[in-house]
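[1] have a look at this fold, sequence not included:
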């Protein structure tokens, strides 16, 4: 009987690991902090390049662009429905994700998943990510580039954590938000120099706002 129960738990283990946890990755995608720079940049075309993130198992192809669009709308640029005065491009330069604690999963199964039921995490996804934001005028002349690094540690757990399906994506998103947060004060400092240069460069021909979007890179 004991062996039968262990075999049953072994069969159910993948389903338990993939079961939805108590929090949603969607809420994290929508929770961009409202920390506007002191002097916003004029409206810009917003671009994103996934870089090595395209090879990761976490973030979706559209996640970097969506996060950067939110950041620009809430914190960096003036709103507009017509003219844009250049480009802001987010580029993921480096990314590394580690999975730790996987050895514990075998012990969890042997103990009938009791540690998981009482809140012991099943494993962790830890991501370190470096991103760069390039600001260019309407002619494509690079005016400045700004680099930031973000880290994350997301646990896979049955209740107080995330599912094994959501955790990799969330780890990438949190790390990318951290990198953008490091870049924000750099743009705040540079805004006094960038604003007159962007305005002097004129407007972008055929702007795509209000739904400005361009993303490069693929899995």
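    Here it is on my side, so go on. All figures in this text were calculated on a predicted structure; none of them were measured in a lab.
[2] packing partners for the longest helix seen in the chain?
    Longest helix in the chain by number of residues, with DSSP state H as the criterion: helix 167-200. If you count contacts as 3 or more Cβ pairs under 8 Å, 6 or more residues apart in numbering; DSSP states H and E, helix 167-200 packs onto helix 25-29, helix 63-71, strand 87-100, strand 123-136, strand 142-156. In short, each C-beta sits where N, CA and C put it, glycine included.
[3] need those in TSV with mean pLDDT, distance to residue 80 and mean neighbour count, can you?
    Listed next are these as TSV, based on pLDDT from 0 to 100; distance: least, Cβ to Cβ, whole Å; neighbours: other Cβ atoms under 10 Å:
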stretch	mean pLDDT	distance to residue 80	mean neighbour count
helix 25-29	65	24	14
helix 63-71	95	14	22
strand 87-100	95	13	19
strand 123-136	96	16	22
strand 142-156	95	19	18
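[4] using TSV, please lay out the ones you listed together with distance to residue 54.
    Compiled in TSV, these are given as follows (distance: least, Cβ to Cβ, whole Å):
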stretch	distance to residue 54
helix 25-29	18
helix 63-71	9
strand 87-100	8
strand 123-136	13
strand 142-156	17
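[5] and of the ones you listed, who's closest to residue 168?
    Set against residue 168 and scored by Cβ to Cβ, the helices and strands packed on helix 167-200 come closest in strand 123-136, at 5.4 Å.
[6] that closest one pairs with which strands, parallel or anti?
    Partner strands for strand 123-136, per DSSP bridges, with pairing direction: strand 87-100 (antiparallel), strand 142-156 (antiparallel).
[7] got the ones you listed as a markdown table, with distance to residue 199 columns?
    What follows is the strands paired with strand 123-136, written out as a markdown table (distance: least, Cβ to Cβ, whole Å):
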| stretch | distance to residue 199 |
| --- | --- |
| strand 87-100 | 14 |
| strand 142-156 | 12 |
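[8] which of the ones you listed sits closest to residue 50?
    strand 87-100 (5.7 Å).
[9] tilt between that closest one and helix 63-71?
    Strand 87-100 and helix 63-71 are oriented at 120 degrees to each other (axes from the mean of the first three to the mean of the last three Cα atoms, to 10 degrees).
[10] next, the angle from strand 87-100 to helix 167-200.
    Counting by the same axes, to 10 degrees, strand 87-100 points 160 degrees away from the direction of helix 167-200.
[11] related to what we said a few turns ago, how about the longest helix of the chain: buried residues?
    For helix 167-200, the neighbour count (16 or more other Cβ atoms under 10 Å) marks 167-180, 182-184, 186-188, 190-191, 194-195, 197-198 as buried.
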